[in-house]
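Trainee: structure of the sequence below:
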Amino acid sequence: MHNTLFTKIKNDLLNNNKQSAVKTVLDALEQSLDVTVLYEDILTPILNSIDCEPGDYRCVWLEHQMSAITRSLVELSYPYVIKDKETLIEDKNVLVVCPKEEYHELGAVMGTQMLERAGFSTTFIGANTPLDTIESALKSVAFDYVVLSVSNSYNLVAVKRIITHLRTHFPTLKILGAGRGFIHNYDVFEPLLDAVITSFESIQVYKQKAAL
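Mentor: Next up, the predicted model:
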């Protein structure tokens with residue numbers, strides 16, 4: 001079933017057929033498709049399969065077009081995230097951000113929803129978020145965790161400074177990483193972070209480790 005669904009949705013995205021993609025996804029979710037499977041085994045691999053060469057404007061446009069439709073599919077799937085939401089022994093608040101100069105936010109949106117499904121109270125404040133905005137959020141709300149979502153490895157030098165700053169000024173805050181930037185540089189960042197989130201399963205493992 002999943003292979004057929006993968007092919008159908010990929011063709012809809014490639015052909016800019018939003019109406020068909022929406023119908024296909026909603027029908028599948030109604031027929032008990034797990035939203036985690038949709039995000040991790042279908043939508044993410046489809047988007048990751050598009051690898052544009054520099055200067056290939058047609059490919060870049062296609063990537064943006066597919067991402068825009070996928071964003072709609074993710075938002076439409078949110079009721080199924082709530083439907084399967086787990087509970088924690090005590091409420092835990094998570095702030096999810098894409099730091100300054102990080103514009104790839106679709107993975108962060110899906111990650112936010114997976115954190116919510118795991119039982120956390122989540123807030124996503126968008127792409128290209130300056131450090132002073134992150135600080136304002138942390139001073140205004142009692143967040144237990146911040147997840148820094150980074151896809152572009154070029155942004156990781158600045159992210160190191162952000163992590164150091166947050167460790168200094170918010171010593172009880174748990175700092176997690178997510179996104180391809182951290183995954184591809186795991187050995188460098190693993191000692192600096194409390195965890196690197198790579199999937200819903202990794203969220204569950206960390207949740208058990210932290211006894212939440």
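Trainee: ranges for the strands of this protein?
Mentor: For the chain, applying DSSP state E gives strands covering 93-97, 121-124, 145-149, 174-178, 195-197.
Trainee: nearest to Ser77, of those?
Mentor: Ser77 lies closest to strand 121-124 among those, at 15.0 Å (C-beta to C-beta). To be clear about C-beta, it is placed using only N, CA and C from the backbone, and glycine gets the same treatment.
Trainee: that closest one pairs with which strands, parallel or anti?
Mentor: Each strand that pairs with strand 121-124, with its direction, by DSSP bridges: strand 93-97 (parallel).
Trainee: give me the contacts around the one helix or strand in the chain whose mean pLDDT sits lowest.
Mentor: Among the secondary structure pieces of the chain, namely its helices and strands, helix 186-189 has the lowest mean (mean pLDDT, DSSP states H and E), a mean of 86. With C-beta atoms under 8 Å, 6 or more residues apart in numbering as the contact definition, helix 186-189 has outside contacts at 156, 177, 182, 196.
Trainee: same thing but at 6 Å, please
Mentor: Outside helix 186-189, the residues that touch it by C-beta atoms under 6 Å, 6 or more residues apart in numbering are 177, 182.
Trainee: swap in stretch 147-160?
Mentor: Identification of contacts with stretch 147-160 by C-beta under 6 Å, 6+ apart yields 96, 98-99, 101-102, 104, 108, 176-182.
Trainee: about what we covered before: make CSV from the strands of the chain and add distance to Asp132 to it.
Mentor: Formatted as CSV, the entries for the strands of the chain read as follows, by distance: least, C-beta to C-beta, whole Å:
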stretch, distance to Asp132
strand 93-97, 12
strand 121-124, 17
strand 145-149, 14
strand 174-178, 17
strand 195-197, 24
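Trainee: residue contacts, Glu30?
Mentor: So, once contact is read as C-beta under 6 Å, 6+ apart, Glu30 ends up touching nothing.
Trainee: now the residue of the chain positioned farthest from its centre: how far from Asp132?
Mentor: Relative to the centre of the chain, the most outlying C-alpha is that of Gly55, 27.2 Å out, by C-alpha atoms, centre = their mean. Using C-beta to C-beta, to the nearest Å, one obtains 36 Å as the distance from Gly55 to Asp132.
Trainee: count the neighbours of Asn17 for me.
Mentor: 15 (other C-beta atoms under 10 Å).
Trainee: again, but for the one 5 residues further on
Mentor: Number of residues near Val22 (other C-beta under 10 Å) recorded here: 15.
Trainee: what's the single longest helix in the protein?
Mentor: helix 57-76 (DSSP state H).
Trainee: which residues touch the residue nearest to Val150 when sequence neighbours are not counted?
Mentor: Nearest residue to Val150, sequence neighbours excluded (C-beta to C-beta, 6 or more residues apart in numbering): Gly181, at 3.6 Å. Taking C-beta under 6 Å, 6+ apart, we find Gly181 in contact with 150-153, 156.
Trainee: who wins for neighbours among those?
Mentor: Highest neighbour count within those: Val150, with 29 neighbours (other C-beta under 10 Å).
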